[in-house]
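[1] Turn this into a structure:
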Amino acid sequence: MIAYYFPPFGGVPVQRTIKFVKYLPKYGWHPLVLTVRDGYDHFHPNDPSLINKIPDEVEVIRTREIGTIARVVKFLNRKTKKGTNKTSKKALFTKKILKLRKLLYNTLWFPDEKNSWAPSTFIKGLRLLAKEDISIIYVSGYPWSAFLVGNFLSMLGGVPLILDFRDAWTLNPRKLWDNWLHRLWEGVVLRQASKAIFATNTMRKDYIDRYPWIEKEKFITITNGYDHDDFNHSRLKKRVDDKLLITFTGTFNDNVPPSDIDQSPYYFLQGLSKLFKEKNVSSIIRVYFVGDFGKNNETFVKEMGLENVVELKGHVSHDKSLQYQAEADLLLLVIYTCERSKSVLTGKLFEYIGARKPILALVPEGEAKDLIVKDRLGITVDPRDIDGIKDSILDFYEKWKDNKLKFEENNNVFEKYEMRVLTKKLVDVIEEAFN
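    Numbering: from 1, shown residues only. Purely as a prediction, here's the structure:
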């Protein structure tokens with residue numbers, strides 16, 4: 001298994017791979033993980049506690065990035081992570097940095113900023129193919145440079161290749177990689193792969209449309225999911241007080257106002273502020289933001305007069321994040337509103353399903369909204385509909401006040417998205433590719 005994002009990395013990208021690694025041995029497949037040593041990502045900080053979640057029997061081999069390139073990546077990512085108010089002079093600088101990054105993705109950083117990890121990983125992969133009895137090469141992407149490593153290892157070693165698209169490459173909503181060079185190499189790796197797994201049905205359909213000359217049977221959907229074991233301990237601890245607690249766990253972009261590609265609390269905070277101006281309920285509603293929030297977002301909280309309602313918990317371990325979910329009355333989900341966001345089905349949604357709490361979903365038309373409506377997981381609102389957000393919060397509040405705010409128990413939903421079940425789907429894909 002080739003995966004850049006692996007503990008001690010934290011965040012959503014790690015969860016899919018670490019759970020597959022956990023459950024694959026139960027189906028007779030024993031992963032050997034090839035990952036990065038001392039990796040860096042500005043959006044997904046480390047969570048050392050996740051190292052303890054790696055099964056003892058799983059061998060993890062780590063290779064290094066090229067130091068100089070990695071330092072440049074860190075510098076540029078720090079500049080873009082901070083975010084700016086778009087009326088400030090810093091906004092122009094941030095836009096220039098983003099344009100530079102896009103240029104680098106097509107030149108020195110092709111196909112992505114993690115490409116300095118690729119040479120050592122490829123060399124180590126060749127040695128492992130010669131030394132170990134490798135039956136399948138499974139690669140998790142992003143980063144796309146890992147796909148290229150897997151592609152060449154598969155070609156040289158004659159080993160079947162499985163690509164796992166956690167996110168779209170050239171069809172990514174951020175449009176950082178949608179040009180002829182990236183499409184060329186995406187087509188190359190898809191032709192080499194025995195199977196290509198996609199995290200959403202929409203993504204799978206979009207790729208079938210983009211590459212009609214590749215047999216569509218090769219394209220498979222396996223969604224993200226949740227691990228029941230993660231919630232056995234956290235759900236035991238219950239919160240008892242007289243306030244409605246709304247919780248968001250995750251990371252926000254820090255641009256105020258946000259662009260259509262930013263995950264932001266901007267419109268939720270406006271809806272909440274408008275509710276408090278119309279109804280005297282500010283003393284009995286609390287909001288927790290768990291994860292990186294951003295200085296500009298924090299300033300906006302104060303501008304909206306919400307500093308006595310909103311609590312910023314900062315970055316916490318994955319287990320602590322799950323504890324916050326378990327203690328909440330209502331979980332907040334936010335997905336950005338850009339053109340291609342219909343295919344976004346964030347892994348955070350499945351953790352919320354595991355927490356078994358109602359969801360207030362600020363999501364555009366697309367797969368996330370369809371899933372929430374179909375499985376009756378909560379209420380969906382257009383992410384920019386301030387009045388709709390206000391009315392939805394009030395609706396949840398009224399139900400909570402009348403002791404009617406409950407999650408609809410549906411065992412079919414819980415089973416469908418449980419990682420044991422999803423790993424069995426992966427096993428079926430592996431065995432078909434192997435045979």
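
[2] And for the spatially closest residue to residue 109 that is not a sequence neighbour, the neighbour number?
    Spatial nearest neighbour of residue 109, excluding adjacent residues (Cβ to Cβ, 6 or more residues apart in numbering): residue 115 at 5.9 Å. All C-beta atoms are positioned from the backbone trio N, CA, C, and that covers glycine. Other residues within reach of residue 115, judged by other Cβ atoms under 10 Å, total 23.

[3] Could you do the one 4 residues further on as well?
    A total of 15 residues lie near residue 119 under the criterion other Cβ under 10 Å.

[4] ok, residue 226 touching residue 354?
    Yes: the pair residue 226 / residue 354 is scored as a contact, 3.1 Å apart, by Cβ atoms under 8 Å.

[5] what sits in contact with each of these two?
    Common contact partners of residue 226 and residue 354 (Cβ atoms under 8 Å, 6 or more residues apart in numbering): residue 417.

[6] now the strands for the stretch 1-150 of the chain?
    Remark: strands assigned in the stretch 1-150 of the chain by DSSP state E, counting those that start in this stretch are 32-37, 59-64, 137-141.

[7] Now do the contacts for residue 35.
    Contacts of residue 35 (Cβ under 8 Å, 6+ apart): 2-6, 60-63.

[8] Just the buried residues of these.
    Buried members of the contacts of residue 35, scored by 16 or more other Cβ atoms under 10 Å, are 2-6, 60, 63.

[9] Of the strands of the stretch 1-150 of the chain, which stretch is the most buried?
    Neighbour counts (mean count of other Cβ atoms under 10 Å) averaged over each of the strands of the stretch 1-150 of the chain peak at strand 137-141, with a mean of 26.

[10] circling back: redo the contacts of residue 35 as a markdown table? Include pLDDT and distance to residue 180.
    A markdown table is the format used below for the contacts of residue 35 (pLDDT from 0 to 100; distance: Cβ to Cβ, whole Å):
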| residue | pLDDT | distance to residue 180 |
| --- | --- | --- |
| 2 | 98 | 26 |
| 3 | 97 | 28 |
| 4 | 96 | 25 |
| 5 | 95 | 28 |
| 6 | 96 | 32 |
| 60 | 97 | 37 |
| 61 | 97 | 35 |
| 62 | 97 | 34 |
| 63 | 96 | 30 |
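
[11] what's the closest of the residues you listed to residue 321?
    Nearest to residue 321 among the contacts of residue 35 is residue 5, at 16.5 Å by Cβ to Cβ.

[12] Nearest residue to the closest one in space, please, no chain neighbours.
    That would be residue 13: by Cβ to Cβ, 6+ apart, it lies 4.0 Å from residue 5.

[13] Let me know the distance separating that neighbour from residue 140.
    8 Å (Cβ to Cβ, to the nearest Å).

[14] Find the residues that touch each one of the two.
    Joint contacts of residue 13 and residue 140 (Cβ under 8 Å, 6+ apart) are 5, 166.

[15] which residues of the stretch 251-400 of the chain fall in strands?
    Going by DSSP E, counting those that start in this stretch, the stretch 251-400 of the chain shows strands at 285-290, 310-314, 330-334, 359-362, 378-381.

[16] Select, out of those, the one closest to residue 321.
    For the strands of the stretch 251-400 of the chain, proximity to residue 321 was assessed by Cβ to Cβ; strand 285-290 is nearest, at 5.7 Å.

[17] just to revisit the earlier point, and which of the buried ones among the contacts of residue 35 is nearest to residue 215?
    When those are compared against residue 215 (criterion: Cβ to Cβ), the nearest one is residue 2, at 23.7 Å.

[18] my read: the closest one touches residue 140, true?
    Yes: using Cβ under 8 Å, residue 2 makes contact with residue 140 at a distance of 7.1 Å.

[19] Residue 188 reaches residue 151, doesn't it?
    Yes: Residue 188 is within contact range of residue 151, at 6.6 Å (criterion: Cβ under 8 Å).
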